[in-house]
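Visitor: Sequence isn't available, so here's the structure alone:
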């Protein structure tokens, strides 16, 4: 049973923007904090951003703070990641996750399949 479905990845030039979306089941969206992680080729999975269940608290990795914005859309049971000023080093597979608390560590209960983001120089 698929609980989280990411979309919005693609190819963009450096300096461009993309918005990733993660559609969750109503139960998960209502009860869980949500996060985004990414894995670049040959690298470990790393934290990107997280948002609390109510949306009142957010966390960002230092590498994306000021460029990325995470938000919740309760009308669509969706968590969005607006990515601006993209850099080639943002190239990775991006994963959506749901957990009890927003966390920088991968202590999440549910994970999506991932969506590829490629930033060309």
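Guide: In hand now; what should we look at? In this text, all values refer to a predicted model and were calculated from it rather than measured experimentally.
Visitor: Please, where are all the helices along this protein?
Guide: Assignment of helices within the chain using DSSP state H yields the ranges 26-31.
Visitor: Tell me which residue lies nearest the centroid of the protein.
Guide: Computing the C-alpha centroid of the chain and ranking residues by Cα atoms, centre = their mean puts residue 36 first, at 2.8 Å.
Visitor: can you count the residues close to the residue nearest to that one when sequence neighbours are not counted?
Guide: Setting aside the residues directly before and after it, residue 36 is nearest to residue 48 in space (Cβ to Cβ, 6 or more residues apart in numbering), at 4.2 Å. In this view, the C-beta of every residue, glycine as well, is placed from N, C-alpha and C. Other residues lying near residue 48 total 24 when counted by other Cβ atoms under 10 Å.
Visitor: Tell me how far residue 48 lies from residue 1.
Guide: In this view, residue 48 and residue 1 are 25 Å apart by Cβ to Cβ, to the nearest Å.
Visitor: Same check on residue 121?
Guide: As defined by Cβ to Cβ, residue 121 lies at a distance of 40 Å from residue 1.
Visitor: More neighbours: which of these two?
Guide: residue 121 (9 against 3).
Visitor: okay but that one is in contact with residue 90, surely?
Guide: No - between residue 121 and residue 90 no contact is recorded; they are 11.3 Å apart, counting by Cβ atoms under 8 Å.
Visitor: low-scoring stretches of the protein, by residue?
Guide: For the chain, no stretch has pLDDT under 70.
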